[in-house]
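# Predicted model, plus sequence, below.
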Amino acid sequence: MKASNFSAINFAPMLRVGKIVATHGLAGDVVFTHIAGKRSWLKPGDVLFLALQKGSFIPYFIKGVRSEKLDEMILSLEDCNTVEAARRLVGKEVFVKDEVLQTAAIDSPLLWLGFEAIDQHAGNLGPIQDVYKTAQQWLATVVVNGKEALLPLIEQTLRKVDVKAKRLYLDLPPGLLEVYLD
């Protein structure tokens, strides 16, 4: 990319949506597992950003998408035409600009990145730094008094999601925040 093109790049917030987990075939295709909640959110011509190094997002344009599972896709990427090139991408986290998912999963916790987390008892905990999906639940990362706190995003703790105001209202279990609030 030419230096003059850098001013045209939109540095919108990035959301981690998955990971490249394997190569597929001999033409440089990769297997991409994701947590977007749908198959149809990604199309040829779209761009994914791979974290080849921490904090470094390298764009990869989609040439082709095949999907047989809800949470997995086989992708053909521009400039990834060999098994060797695909192997270099295995294990890399995949990100998209937040507006890409706004039409894909309106109620996805991925969209809550940057929302203010407000607990019913402790008050404003700060902005959500990241969200993770475990086998059982979603977790949000919030920095409380300089310490990283993991907050469960489950039906029992979620009270209200105010998308317009970018606020997430929670009722966290007693004792969960004690170590962070001391």
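That came in fine, so what should we check first? The model shown is predicted, which means the values in this text are computed figures rather than measured ones.
# According to the record, where do the domains of this structure fall?
3-101, 109-181 (automatic domain parsing).
# if you average pLDDT over each of the ones you listed, which comes out lowest?
Mean pLDDT is lowest for domain 3-101 among the domains of the chain, at a mean of 82.
# For residue 167, see how far away residue 50 is.
31 Å (Cβ to Cβ, to the nearest Å). To be clear about C-beta, it is placed using only N, CA and C from the backbone, and glycine gets the same treatment.
# With neighbour numbers in mind, choose between these two.
residue 50 (21 against 15; other Cβ atoms under 10 Å).
# Pull out the buried residues from stretch 45-63.
For stretch 45-63, the neighbour count (16 or more other Cβ atoms under 10 Å) marks 48-51, 57, 60, 62-63 as buried.
# I misspoke; the intended subject was stretch 129-143.
131, 133, 138-142.
# can you tell me which of the buried residues of stretch 45-63 are in strands?
48-51, 57, 60, 62-63 (DSSP state E).
# As a check, name the ranges of all helices in the chain.
83-87, 98-101, 178-181 (DSSP state H).
# helices or strands next to the longest one in the packing?
When you say that, I think you mean helix 83-87. For helix 83-87, the packing partners by 3 or more Cβ pairs under 8 Å, 6 or more residues apart in numbering; DSSP states H and E come out as strand 14-24.
# Parallel or antiparallel, which strands does the strand it packs on pair with?
Counting by DSSP bridges, the strands paired with strand 14-24 are strand 29-34 (antiparallel), strand 93-97 (antiparallel).
# Figure out how far that strand is from the centre of its chain.
Using Cα atoms, centre = their mean, to the nearest Å, the mean C-alpha position of strand 14-24 is found 10 Å from that of the whole chain.
# What are the contacting residues of that strand?
Contacts with strand 14-24, where a contact means Cβ atoms under 8 Å, 6 or more residues apart in numbering, come from 29-36, 49-50, 57, 74, 83, 86-87, 89-98, 101, 110-111, 113, 130.
# now swap in stretch 78-91 and tell me
19-30, 50, 60-63, 77.
# Buried ones among the residues you listed?
Looks like the contacts of stretch 78-91 have 19-20, 22-24, 28-30, 50, 60, 62-63, 77 buried, using 16+ other Cβ under 10 Å.
# Return the member of those residues nearest to residue 122.
Taking Cβ to Cβ as the measure, residue 122 lies nearest residue 19 of the buried ones among the contacts of stretch 78-91, at 32.9 Å.
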